[in-house]
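Asker: sequence first, predicted model second:
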Amino acid sequence: MPKVARPARYTGHEWNSVTKDWDEVEVKVVLAYPDIYEVGMSNLGLMILYDILNREGGVLAERVYAPWIDMEKAMRRAGIPLYSLESRRSLAEFDIIGFSLQYELNYTNVLNMLDLAGLAPLAAERGDADPLIIGGGSCTYNAEPVADFFDLLVIGEGEEVLLELVRAYREFRVSGPSTTLRTSCGLRVTKGDFLREAAKIEGIYVPSLYDVRYHDDGTVAAVEALVPEAKARVRKCTVGTLPPAPTRLVVPYIEVIHDRAMIEIQRGCTQGCRFCQAGFIYRPLRERPLEEVLETVEDMLKETGYEELALVSLSSSDHSQIEPMVRQLTTCYQHPPLAISLPSLRIDSFSVELAEMFQGRRKTGLTFAPEAGSQRLRDVINKNVTEEDLLRTAEAAYSSGWRRIKLYFMMGLPTETLEDVAAIVDLVKKARAIGRRHQGKRTQVNVSLATFVPKPFTPFQWLPLADEGSLEEKQGLLRRGLRGPGISFSWQDPRTTLLEAALSRGDRRLGQVIRRAWQSGAKFDAWDEFFDEGLWWRAFTEAGLDPNFYARRERPFDEVLPWDHIDVGVRKEFLIGEYSRSLQGETTIDCREGCVDCGVSDVFGCGLECGLGV
């Protein structure tokens, strides 16, 4: 340990971590995050599942993260398998290993972690005695590129379905043969038998129970179920009401990316931004009641000792009770003052009154996402905010004591021109000018630029990734225009964007590409210092595939998409209509103002007070 960086990444036993008696539980689960400890410990979803599973009798849940390069070398040299933080047992000793799949560039880390645990990366090469390897998270909405590596995948929200799955697995492991889990010959059931039973559960996708056929041109002809238990379309699992938020969050011994208390105040979004996958796959909107938030925060602060709190959602300020929520939190926690952060604020709903509630308190920074510089392009992507909204919000923030705001933009959006990109520079400089009137030279505008990647289940899922030449030209324009005091500019490497686009929109054949890249040394691809594009492009070539086929090809509406057998509740006809409206520069109203007939209300029910779907 003294020979590796930040050894506390690997020691475990943090405050509020849960260590159960190994011999007293029937099902052992380890939750795996395929990135380093500091990143994984900032993931609220993993902490929610950790809390839920450890509250279940007869079940334990532990954690593991990807070891950094130096630790991996030391482990391989010493013959130490990848182990969990709580009990320090090898991952191969667990019944279930559940990976959180949040970012496509972490896929090689999944294979590396399995290999470090002494497990075969391919599901077909693992036996009945090996752990069940499952995956969940936003990437599973198109899990085809990693389908070969997982026994099953959880599509959608995991709080309820994971418990159902674990209970079924406990019956499978403890009871042995039963009336529901028995082979035709009466022999003890195998992992394959269990997977067929698991496929009946809503939200569970078992890739091995499906066959993918392709046309001669390489496009998907069909994804077909091979057994009766496998559903033709796998509907995502959704919780009707947000379950109680965990209060005993694990407190790390070292600083992590988001080192603070966190509570999810709502899930889903009603804005309908056409580029945003999360806005479609997490429908419908569900708010956590104000009283529950206040009670949970009180318990959470007592259990963790944190002095900073994040009110988490896709757009925190859209919560119908956000102003009384912030007002009561700032009133209750004055000595010492509680620092409150509101991630991803919606520009036009951030009021002066809300900003002024933070007067005299420690300012943690504000983040806004205009996404595009021009009004024309914001209409295309259905970002229903104006330049006046942003400047009015900047005025409220800087005049209330903030010195720094962060603005997120994208380049490569559909129909984008150089004039649209130049408008970003103008907008940022106007915001800086407002800040200087109130904060002088201390004013800071941090600008973050991402490259737009068309994602599954959005109105832009048929569109190609912008070509590299145009992206470099636009990026250069911004690098030149966003120089100077008071402006900080960061951007995404376009090379990683091509890989992300190919993996997020790819089919099952990409599994061999991921495996070849990993075998050649690819890992930590999300980290600039380790991303080696040559390894990936060589892996594509060896597999006889082209990343541009997946990333930079416009797809017709009648093409079978690799993810068409997944049902998120949003109708494809609605997405096509939104795409057509975008080309006309027509915007679509927020769901709170009236039902837009996306299909989710028919499937899951929205429950919004405006009467959607009625």
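Answerer: Received the coordinates, thanks.

Asker: how much space separates residue 440 from residue 355?
Answerer: Residue 440 sits 19 Å away from residue 355 when distances are taken as C-beta to C-beta, to the nearest Å. C-beta: built from backbone N, CA, C; applies to glycine.

Asker: cool, and residue 383?
Answerer: Distance of residue 383 to residue 355, given as C-beta to C-beta: 21 Å.

Asker: residue 83 now?
Answerer: The value you get for residue 83 to residue 355, if C-beta to C-beta is used, is 47 Å.

Asker: repeat for residue 589
Answerer: Distance, residue 589 to residue 355, by C-beta to C-beta: 26 Å.

Asker: which one's more surrounded, residue 383 and residue 355?
Answerer: Taking neighbours as other C-beta atoms under 10 Å, residue 383 and residue 355 compare with residue 383 leading, 25 against 21.

Asker: which element is the more buried one on?
Answerer: For residue 383, there is no helix or strand it lies in under DSSP states H and E.

Asker: skipping its backbone neighbours, what lies nearest it in space?
Answerer: Distances taken as C-beta to C-beta, 6 or more residues apart in numbering place residue 371 nearest to residue 383, at 5.0 Å, with adjacent residues excluded.

Asker: in contact with that neighbour, which residues?
Answerer: Shown in contact with residue 371 (C-beta atoms under 8 Å, 6 or more residues apart in numbering): 273, 275, 378, 381, 383, 408, 409, 410, 413.

Asker: those into a markdown table, with extra columns for pLDDT and distance to residue 78?
Answerer: Formatted as a markdown table, the contacts of residue 371 follow (pLDDT from 0 to 100; distance: C-beta to C-beta, whole Å):
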| residue | pLDDT | distance to residue 78 |
| --- | --- | --- |
| 273 | 95 | 49 |
| 275 | 96 | 46 |
| 378 | 97 | 55 |
| 381 | 98 | 51 |
| 383 | 94 | 52 |
| 408 | 95 | 43 |
| 409 | 96 | 46 |
| 410 | 96 | 45 |
| 413 | 97 | 49 |
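
Asker: drop anything exposed from the residues you listed.
Answerer: By neighbour count, with 16 or more other C-beta atoms under 10 Å, these hold 273, 275, 378, 381, 383, 409, 410, 413 as buried.

Asker: quick one: which of these is nearest residue 479?
Answerer: Here the nearest of the buried ones among the contacts of residue 371 to residue 479, counting by C-beta to C-beta, is residue 409; it sits at 13.1 Å.

Asker: what about that closest one, which helix or strand?
Answerer: Taking DSSP H and E as the criterion, residue 409 maps to strand 404-411.

Asker: and that strand, how far out from the chain middle?
Answerer: From the chain centre to the centre of strand 404-411 is a distance of 19 Å (C-alpha atoms, centre = their mean, to the nearest Å).

Asker: just checking, what packs against that strand?
Answerer: Strand 404-411 is packed against strand 366-371, helix 387-399, helix 418-439, strand 444-451, helix 468-481, with contacts defined by 3 or more C-beta pairs under 8 Å, 6 or more residues apart in numbering; DSSP states H and E.

Asker: again, only using 7 Å
Answerer: Packing partners of strand 404-411 (3 or more C-beta pairs under 7 Å, 6 or more residues apart in numbering; DSSP states H and E): strand 366-371, helix 418-439, strand 444-451, helix 468-481.

Asker: who's in contact with the very next helix or strand once past the shortest one?
Answerer: Next along the chain after strand 366-371, taking DSSP H and E as the criterion, comes helix 375-380. Helix 375-380 is contacted from outside by 371-372, 385-387, 413-416, 420, 582, 585, 587, using C-beta atoms under 7 Å, 6 or more residues apart in numbering.

Asker: and if you look at stretch 514-530?
Answerer: In contact with stretch 514-530 (C-beta under 7 Å, 6+ apart) are residues 35, 103, 105-109, 111-112, 121, 145-146, 493, 531-532, 535-536, 538-539, 542-543.

Asker: which residues of the protein score low on pLDDT?
Answerer: Low-confidence segments of the chain, defined by pLDDT under 70: 174-189, 348-352, 358-365, 605-614.

Asker: give the closest residue to the most centrally placed residue in it in space, chain neighbours not counted.
Answerer: In the chain, the residue lying closest to the centroid (C-alpha atoms, centre = their mean) is residue 102, at 4.0 Å. Once flanking residues are discounted, residue 102 sits nearest to residue 137: 4.9 Å by C-beta to C-beta, 6+ apart.

Asker: ok, residue 603 next?
Answerer: Residue 603 sits nearest to residue 569 (C-beta to C-beta, 6+ apart), 4.1 Å away.

Asker: ok so the one you found is a strand residue?
Answerer: No - using DSSP: H, G, I helix; E, B strand; the rest coil, the assignment for residue 569 is coil, not a strand.

Asker: contact partners for it?
Answerer: Counting by C-beta under 7 Å, 6+ apart, residue 569 makes contact with 236, 283, 599, 600, 603, 604.

Asker: now go through these and say which are in helices.
Answerer: Secondary structure defined by DSSP state H assigns 600, 603 of the contacts of residue 569 to helices.

Asker: so which of the contacts of residue 569 wins on neighbours?
Answerer: Counting neighbours by other C-beta under 10 Å, the top entry in these is residue 283, with 27 neighbours.

Asker: I'd assumed residue 270 was in contact with that residue.
Answerer: No - taking contacts as C-beta atoms under 7 Å, residue 283 lies outside contact range of residue 270: 8.3 Å.

Asker: can I see the domain layout of the protein?
Answerer: 7-235, 261-501 (automatic domain parsing).

Asker: now render these as TSV, adding distance to residue 549.
Answerer: Formatted as TSV, the domains of the chain follow (distance: least, C-beta to C-beta, whole Å):
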stretch	distance to residue 549
domain 7-235	6
domain 261-501	10
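
Asker: counting by contacts, list what the one helix or strand residue 111 maps to packs against.
Answerer: Assigning secondary structure by DSSP H and E places residue 111 in helix 107-116. With contacts taken as 3+ C-beta pairs under 7 Å, 6+ apart, helix 107-116 sits against helix 510-519.

Asker: helix or strand next in line after the strand or helix carrying residue 538, which one?
Answerer: Residue 538 is part of helix 533-542, with elements assigned from DSSP H and E. Downstream of helix 533-542, the next assigned helix or strand under DSSP H and E is helix 547-551.
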